[in-house]
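Engineer: From the sequence below, what's the structure:
(chains A and B)
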Protein chains: 2
Amino acid sequence: MNTQTRKATALAFPNIALIKYWGNRDQSLRLPSNDSLSFNLGDLRTTTTVEFDPLLTRDEVSIDGYKVSAQAYERVAHHLDRLADYSDIAEIDCGERRDMSECRPRARVISNNTFPMGVGIASSASGFAALTLAACAALGIKKSESELSGLARLGSGSACRSVPGGFVAWHDGYAVSIAPPAHWPLMDVIAVVSRAHKAVGSTEGHAMADNSPLQAARLSDTQRRIRQCEEAIANTNFTLLAEVIEQDALLMHGVIMTSQPSVLYWEPATLSVMRAVRELREDGLPVAFSIDAGPNVHCICEAHALKQVKQAIRQIEGVLEVIESGVGGPATVIPHQS
Amino acid sequence: MNTQTRKATALAFPNIALIKYWGNRDQSLRLPSNDSLSFNLGDLRTTTTVEFDPLLTRDEVSIDGYKVSAQAYERVAHHLDRLADYSDIAEIDCGERRDMSECRPRARVISNNTFPMGVGIASSASGFAALTLAACAALGIKKSESELSGLARLGSGSACRSVPGGFVAWHDGYAVSIAPPAHWPLMDVIAVVSRAHKAVGSTEGHAMADNSPLQAARLSDTQRRIRQCEEAIANTNFTLLAEVIEQDALLMHGVIMTSQPSVLYWEPATLSVMRAVRELREDGLPVAFSIDAGPNVHCICEAHALKQVKQAIRQIEGVLEVIESGVGGPATVIPHQS
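Structural biologist: The predicted structure is shown next:
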């Protein structure tokens, strides 16, 4: 029996979608119903080390020092099965059998985030991006960035957008970078209005999207929004960006609220922040809101407006915390010191 | 010159739409893009006296003792022109000329509401219903209920629903009663969270509806909702009613928020009340929310739940006032004591 361990570490950033992903055309493959656009949040980091150890009898998965839930554990283990299937483990450890869930060596997965969980920052995106890169590196799997993006997608849809750097477009199977971080120094000022666990998780939410009478209309309008957002990014036109990202977030929440069963992700303070952002913009500040499937509000602004935006948002009743980030690069494998 | 005055008084109730009217297929005729359903709010009253007086040189219009704005004045005067055209004034006062805006006798219009203005109760509905009935009675115009409903519609779309009694369906040109008030003793508990004047009025809002990528989808789903709501009313099935009226209100607000320009009618406390209503329903109380084009929340409940609903809603932070009403009858002409 081969007792050598195989280990690698990767770094990835969460991302904020400017044009949202909501609904899958293939649920199990996480192939999206619509294209989306995002940028990576370079000041928020997930670092994940994966060590395949033939002496382990089961996977060990910890995030921020805690063992994960059974559900999260299964999702990670299943993702490792999937990745191992691309490696030489098939021959070395499994012989003729190729059921990775039974024969691959187990792994120690240690993941750490520099940002809190449950504040509307999708740690599953950075988490599965980093896990994918680290596991592939540990197993000696050579894949292109697009292929790695596609593999990350299988773990968590939006994780595919955390693999390439800067401004990123996700079309069908994988995501690609459309502009580097330095192209437009935008900031995301995240107004945390609730730390409560979401009543309906994203995976479940995606599955409900088609129950809304509005989802088909939202989908058929996607390419217009994608084009407007791409044009806004290409020309660093904040006015154009503000209009389309707010509309896009509201389209998604229109779908979510009218799904059956209906979900209300917003809290009273969500509305307070949305209104404050619009007032700031009317006063001339380049700031616009975006809201993921949750109550917290991402206030996207140009870097020169950061101080004023933070100051205004912090004062709003119901805002528990403000987290900020600029645009980040691609997910990367971190060389181990030996 | 004929100096005889012609005078009549009418009473009408505002109404709350269970399936909302939003968008016109003909803006100037106020022909709606979709059918709607409502019930009259019988504990809230508008009483309007119209007196055509040949000695007046211009119309006089007061609501609750105050002269109305120039805009409201024009809308009332134009409606009186329209109605006068159905009367014998054409022959008596106008001779060959039939431009009523120039030749009809001017009127004294005195309207009084038992409910406050600007709290999300459509006084334009009860106002134009009462104005239409009073003016027609004063001018001796004999019309059926459906015809009066259609005339009221020309003044304010939803006014057509305040002409027939009880539960009312508006299809295209006019509205008809589908069940009398006693059929189902529902209550409307209106949570007033703002008394501010709306940033975007309903007439302007209707004109913007088609700018939303979601309006066409909302419209094409209308008949399903109408059927579900009619079934809920016919069988007094509150569970069915709750599902469809909340979804319908959220569909309308989905359209409103994603119109260009986007309008956010909701206040933070709007969300608080919506969430509270859902919690009360989960606890077994028959209550559901509806929201017109504004921030205030109509909590529709069965009469036996009224006390508990009121008690819960009153305690919510941001709720300034609670107004209640049961189901009301048709608009009626009130005989003058002589």
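
Engineer: Please make it C-alpha for all contacts and neighbour counts, starting now.
Structural biologist: Fine.

Engineer: Show me what from chain A comes close to chain B.
Structural biologist: By CA under 8 Å from any CA of the partner chain, the part of chain A that sits against chain B consists of A:213-214, A:216-218, A:221, A:247, A:250-251, A:253-255, A:257-258, A:262, A:264, A:266-272, A:275.

Engineer: Now restrict those residues to buried residues only.
Structural biologist: A:213-214, A:216-218, A:221, A:247, A:250-251, A:253-255, A:257-258, A:262, A:264, A:266-272, A:275 (16 or more other CA atoms under 10 Å in any protein chain shown).

Engineer: Report the residue ranges of every domain in chain A.
Structural biologist: A:6-180, A:181-326 (automatic domain parsing).

Engineer: Please identify the most buried of these.
Structural biologist: domain A:6-180 (a mean of 21; mean count of other CA atoms under 10 Å in any protein chain shown).

Engineer: among the residues of chain A next to chain B, which are in helices?
Structural biologist: A:216-218, A:247, A:250-251, A:253-255, A:257, A:268-272, A:275 (DSSP state H).

Engineer: which among these gets closest to residue B:25?
Structural biologist: residue A:217 (19.4 Å; CA to CA).

Engineer: Bridged to residue A:299, which residues?
Structural biologist: residue A:189, residue A:289 (DSSP bridges).

Engineer: list the contacts for it?
Structural biologist: Applying CA atoms under 8 Å, 6 or more residues apart in numbering or on different chains, we find residue A:299 in contact with A:188-191, A:277, A:287-290.

Engineer: Check residue A:59 too.
Structural biologist: Residue A:59 neighbours (CA under 8 Å, 6+ apart): A:77, A:106-109.

Engineer: with the residues you listed in mind, which one is nearest to residue A:151?
Structural biologist: Closest to residue A:151, out of all of these and judged by CA to CA, is residue A:77, at 14.1 Å.

Engineer: Nearest spatial neighbour of that closest one, chain-adjacent residues omitted?
Structural biologist: Closest residue in space to residue A:77, ignoring its immediate chain neighbours: residue A:59 at 6.9 Å, by CA to CA, 6 or more residues apart in numbering or on different chains.

Engineer: May I have the phi/psi pair for that neighbour?
Structural biologist: Reported as degrees, to the nearest 10, the phi and psi values for residue A:59 are phi -60, psi 150.

Engineer: what separates it from residue A:130, distance-wise?
Structural biologist: 17 Å (CA to CA, to the nearest Å).

Engineer: On the three-state scheme, residue A:80 is what?
Structural biologist: helix (DSSP: H, G, I helix; E, B strand; the rest coil).

Engineer: just checking, it touches residue A:136?
Structural biologist: No. Using CA atoms under 8 Å, residue A:80 is not in contact with residue A:136; the gap is 9.2 Å.

Engineer: where does the stretch 1-150 of chain A dip in pLDDT?
Structural biologist: A:1-2, A:90, A:93, A:95-98 (pLDDT under 70).

Engineer: Swap in 90 and give it another go.
Structural biologist: Within the stretch 1-150 of chain A, the set of residues satisfying pLDDT under 90 comprises A:1-5, A:87-103, A:116-122.

Engineer: Could you list everything the residue in it that chain B sits nearest to pairs with in the sheet?
Structural biologist: Per CA to the nearest CA, residue A:19 is where the stretch 1-150 of chain A lies closest to chain B, at 13.9 Å. Using DSSP bridges, the bridge partners assigned to residue A:19 are residue A:37.

Engineer: Okay, it and residue A:219: tell me how far apart.
Structural biologist: The value you get for residue A:19 to residue A:219, if CA to CA is used, is 11 Å.

Engineer: got it, and residue A:288?
Structural biologist: Distance of residue A:288 to residue A:219, computed by CA to CA: 22 Å.

Engineer: re earlier: return the member of the contacts of residue A:59 nearest to residue A:147.
Structural biologist: Nearest to residue A:147 among these: residue A:77, at 19.8 Å, using CA to CA.

Engineer: What is the subsequent helix or strand relative to whichever strand or helix holds that closest one?
Structural biologist: When secondary structure is defined by DSSP states H and E, residue A:77 falls within helix A:70-84. Sequence order places helix A:89-92 as the next helix or strand after helix A:70-84, per DSSP H and E.

Engineer: Flag the shaky bits of the stretch 201-338 of chain A, pLDDT-wise.
Structural biologist: In the stretch 201-338 of chain A, residues with pLDDT under 90: A:201-205, A:335-338.

Engineer: nearest residue to the one residue in the stretch 51-200 of chain A that gets nearest to chain B other than its sequence neighbours?
Structural biologist: Minimum separation of the stretch 51-200 of chain A from chain B (CA to the nearest CA) falls at residue A:193, amounting to 12.0 Å. Nearest residue to residue A:193, sequence neighbours excluded (CA to CA, 6+ apart): residue A:319, at 4.7 Å.

Engineer: who's in contact with that neighbour?
Structural biologist: Contacts of residue A:319 (CA under 8 Å, 6+ apart): A:191-193, A:269, A:313.

Engineer: Filter those down to just the ones in strands.
Structural biologist: Here DSSP state E is the test, and these give A:191-192 as lying in strands.

Engineer: Of the contacts of residue A:319, which is the nearest to residue B:89?
Structural biologist: Closest approach to residue B:89 among those (CA to CA): residue A:269, at 57.5 Å.

Engineer: From what I see, the closest one and residue A:318 are in contact.
Structural biologist: Yes. Between residue A:269 and residue A:318 a contact is recorded at 5.2 Å, counting by CA under 8 Å.

Engineer: so what sits against both of the two?
Structural biologist: With CA under 8 Å, 6+ apart as the test, residue A:269 and residue A:318 both reach residue A:193.

Engineer: any idea how far stretch A:243-250 is from the chain center?
Structural biologist: Here stretch A:243-250 is found 18 Å from its chain centre; the criterion is CA atoms, centre = their mean, to the nearest Å.

Engineer: Make a markdown table out of the domains of chain A and add distance to residue B:235.
Structural biologist: A markdown table is the format used below for these (distance: least, CA to CA, whole Å):
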| stretch | distance to residue B:235 |
| --- | --- |
| domain A:6-180 | 35 |
| domain A:181-326 | 22 |
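
Engineer: how about these, which one is nearest residue A:335?
Structural biologist: domain A:6-180 (7.3 Å).

Engineer: Give me the distance between the two termini of the closest one.
Structural biologist: End-to-end for domain A:6-180, by CA to CA: 32 Å.

Engineer: cool, stretch A:59-69 as well?
Structural biologist: 13 Å.

Engineer: Tell me, how many residues neighbour residue A:4?
Structural biologist: By other CA atoms under 10 Å in any protein chain shown, the residues close to residue A:4 number 10.

Engineer: Surely it and residue A:53 touch.
Structural biologist: Yes. Counting by CA under 8 Å, residue A:4 touches residue A:53, with 7.0 Å between them.

Engineer: Identify the residues contacting the one helix or strand residue A:306 maps to?
Structural biologist: For residue A:306, the enclosing helix or strand under DSSP H and E is helix A:306-314. Helix A:306-314 is contacted by residues A:187, A:189, A:191, A:273, A:276, A:280, A:285, A:287, A:301, A:319, A:321-322 when judged by CA under 8 Å, 6+ apart.

Engineer: which two from the residues you listed end up farthest apart in space?
Structural biologist: A:285 and A:321 (21.1 Å).

Engineer: distance of residue A:268 from residue A:280?
Structural biologist: For residue A:268, the distance to residue A:280 - CA to CA - is 19 Å.
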